[in-house]
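[1] take a look and give me a structure for this.
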Amino acid sequence: MASRNRIQGYETPGQITSIGWFLYDEKNKMVCLHRRDPWGVSPNTWDHFGGGVKSQTGETAYEAFLRELCEELGITVDNDKVKELCEYKNKKMYLVSFPIKRRKEIRLGEGAGFAYFSPDKALGLENLTLAARNGLKIIIRRQ
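    Numbers count the residues shown, from 1 in each chain. As a prediction, this is how the structure comes out:
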């Protein structure tokens, strides 16, 4: 991935151990996860969706993305609707086009809830995680 897609300060690539994604519709509304986080790491925050890569089984980052998408939202998407957004630390981020007409297919498997925001409005959320904030800034720069 080109260095312009890396978040400043996290330029050193490593083994990808986690993935994340932003779902957006044709009105450029992003879906953000409201975390409940029973372990207390970042409760009551808005975040991107994501999960771990099962590298011990040979799972790739993209395969982990597809698995987590199904586990967390109960949906599948065509490969042509997925773009690689960036890499930072040991995470690979994706941007997924998901039409409004399919919204009713979403079934939340994790978290306290989810909501749709414009990227600018999401950036204005006080309790938006740093990872989500950084990803949204990349999306806004590309528009």
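[2] beta partners for the closest residue to Gly113 other than its chain neighbours?
    Leaving aside its sequence neighbours, Gly113 sits nearest to His34 (Cβ to Cβ, 6 or more residues apart in numbering; 4.4 Å). C-beta coordinates here come from the backbone N, C-alpha and C atoms, glycine included. Under DSSP bridges, the beta-bridge partners of His34 are Trp46, Gly113.
[3] wait, His34 touches His48, no?
    No. The pair His34 / His48 is not scored as a contact, 11.7 Å apart, by Cβ atoms under 8 Å.
[4] the residue lying closest to Arg103 once chain neighbours are set aside - how many residues pack around it?
    Nearest non-adjacent residue to Arg103, counting by Cβ to Cβ, 6+ apart: Asp25, 7.5 Å away. Neighbourhood size, Asp25 [other Cβ atoms under 10 Å]: 16.
[5] contacting residues for Asp25?
    In this structure, Asp25 makes contact with Ser97, Phe98, Pro99, Ile100, Arg103, Tyr116, judged by Cβ atoms under 8 Å, 6 or more residues apart in numbering.
[6] for the spatially most central residue of the chain, helix, strand, or coil?
    In the chain, the residue lying closest to the centroid (Cα atoms, centre = their mean) is Trp21, at 2.0 Å. Look at Trp21: counting by DSSP: H, G, I helix; E, B strand; the rest coil, its state is strand.
[7] give the contact list for Lys81.
    Val96, Ser97, Phe98.
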